[in-house]
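In: pasting a predicted model and its sequence here:
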Amino acid sequence: QEENTLVIFSSDHGDNDASHKLEHKTVLYEESVNIPFMVMWKGHIDGGRVDSIHLVSNGIDLLPTVCDYAGINAIADPRGRSLRSILENRDVTWRNTLGAESEIGRMVISKDKFKYDVVGIEEQLLNLNKDPYETTHFTNDPQYKNKLNELKKAFDSEWFPGY
């Protein structure tokens with residue numbers, strides 16, 4: 001039945017598992033927000049391809065994807081999108097930012113690996129290219145003022161209006 005069956009494997013967000021001296025997922029470090037997301041459909045989706053370009057959320061993109069493959073309209077978060085074009089390796093215009101939230105904070109990550117994180121009233125800008133372990137804040141660095149403003153705008157208008 002491989003040619004007739006779309007298989008999707010994913011999970012909930014993981015814990016930090018001692019990264020940053022934390023054991024739970026409430027803080028939005030990369031160790032807790034990255035999740036497995038694998039799709040297989042023999043003869044329809046190329047095997048072995050890893051996509052590290054597109055920002056995907058199983059929370060908002062999974063339902064539209066499943067509905068798209070089933071041929072029905074999804075009634076879901078309007079920010080969610082079907083992954084079908086990406087999975088079938090077709091050209092698609094995709095989002096440049098993605099929002100995520102936890103019990104204590106919210107964040108927006110950009111395609112170019114910058115993260116704007118808000119916990120309570122504290123905001124921080126992280127550069128995952130220069131600091132993948134998220135130990136340095138670039139929030140007050142004048143060199144990153146435009147990036148900070150860009151992600152604040154996406155946070156306020158696209159992902160968390162009224163927060």
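Out: Perfect, thanks for sending it. Residues are numbered from 1 along each chain as shown.

In: make it CA atoms for all contacts and neighbour counts henceforth
Out: Noted.

In: avg pLDDT for the lengthiest helix in the chain?
Out: Secondary structure of the chain per DSSP state H: the longest helix is helix 58-70. Mean per-residue pLDDT for helix 58-70: 94.

In: in the very next helix or strand once past that helix, what's buried?
Out: Toward the C-terminus, helix 58-70 is succeeded by helix 84-87 as the next helix or strand (DSSP states H and E). By 16 or more other CA atoms under 10 Å, the buried positions in helix 84-87 come out as Arg84, Leu87.

In: before we move on, what about stretch 129-136?
Out: Glu134.

In: sec struct for Ser157, please.
Out: helix (DSSP: H, G, I helix; E, B strand; the rest coil).

In: just the strands from this protein, written as ranges.
Out: For the chain, applying DSSP state E gives strands covering 7-10, 37-40, 97-101, 105-110, 114-119, 122-127.

In: save these as a markdown table, and put in mean neighbour count, distance to Val27 and mean pLDDT too.
Out: Shown next, in a markdown table, are these (neighbours: other CA atoms under 10 Å; distance: least, CA to CA, whole Å; pLDDT from 0 to 100):
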| stretch | mean neighbour count | distance to Val27 | mean pLDDT |
| --- | --- | --- | --- |
| strand 7-10 | 11 | 20 | 93 |
| strand 37-40 | 14 | 21 | 93 |
| strand 97-101 | 20 | 9 | 93 |
| strand 105-110 | 22 | 7 | 93 |
| strand 114-119 | 23 | 9 | 92 |
| strand 122-127 | 19 | 13 | 94 |
